[in-house]
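Student: Model the following, please.
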Amino acid sequence: MTFDDVRKIALAWPEVEDGSSYGTPALKVRKKMLARLREDGDSLVMPGVPRDEREMLVESQPKAFYFTDHYRDYPIVLIRLAKASRATVEPLLRRHWRTLASKKAVKEFDMKS
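Tutor: A predicted model of the protein is given here:
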C-alpha cells in the first residue's frame, strides 16, 4: 500500500479531507487527525488503536505494525504501508473515522453500505 491508496479509501467517506500534520500529508475528519504519513514516507501514524490491541498487532504482524518510544503512551500504532495490505489498514482507518465523523455522517454512510 501507499499513502495514496489510504487517501483513496478514506476520501470516499463523508467529512474526510486532505490536510497536513507535523509537515506531512494527513487525512482529517472535522479538523481532527484521522491518520498521517510519517516523515519516513512509508509509515502511517494510525490513532485510535488501544495499547493492548497495538501489542497484539505488533506481535502478530511485526513487519507491518510497530511503534516507537514517542508513541508508547498513546493509543497509536505505526503501519509500514509497503508491508501492509488494504485488509489490515482499512478496518483500523474506518473504525477511527467512525469515532471522528458526525453521527449523522456515520448513519448516512451505514445506510448506503
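Student: what residue ranges in this protein are flagged as low confidence?
Tutor: Within the chain, no stretch has pLDDT under 70.
Student: All the strands of it, residue numbers only.
Tutor: For the chain, the strands defined by DSSP state E cover 16-21, 24-29, 32-37, 43-47, 65-66, 76-80.
Student: Mean neighbour count added to the ones you listed, as JSON lines?
Tutor: The C-beta positions use only the backbone N, C-alpha and C, and glycine is treated the same way. Below are the strands of the chain laid out as JSON lines (neighbours: other C-beta atoms under 10 Å):
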{"stretch": "strand 16-21", "mean neighbour count": "14"}
{"stretch": "strand 24-29", "mean neighbour count": "19"}
{"stretch": "strand 32-37", "mean neighbour count": "22"}
{"stretch": "strand 43-47", "mean neighbour count": "22"}
{"stretch": "strand 65-66", "mean neighbour count": "20"}
{"stretch": "strand 76-80", "mean neighbour count": "22"}
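Student: got CSV for those, with distance to residue 102 too?
Tutor: Below are the strands of the chain laid out as CSV (distance: least, C-beta to C-beta, whole Å):
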stretch, distance to residue 102
strand 16-21, 12
strand 24-29, 9
strand 32-37, 11
strand 43-47, 18
strand 65-66, 29
strand 76-80, 23
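Student: so which of these comes closest to residue 92?
Tutor: Closest to residue 92 of those is strand 43-47 (C-beta to C-beta; 5.5 Å).
Student: Provide the contact partners of the closest one at residue level.
Tutor: Residues from elsewhere that reach strand 43-47, judged by C-beta atoms under 8 Å, 6 or more residues apart in numbering: 3, 6, 33-38, 71, 74-81, 84, 89, 92-93, 96.
Student: cool, and stretch 86-94?
Tutor: The contact list for stretch 86-94 (C-beta under 8 Å, 6+ apart) reads 1, 5-6, 9-10, 13, 34-35, 44, 46, 48-49, 61, 64, 77, 79, 81.
Student: thinking again about what came up before, between the strands of the chain, which one is closest to residue 113.
Tutor: Ranking the strands of the chain by proximity to residue 113 (C-beta to C-beta) places strand 16-21 first, at 15.2 Å.
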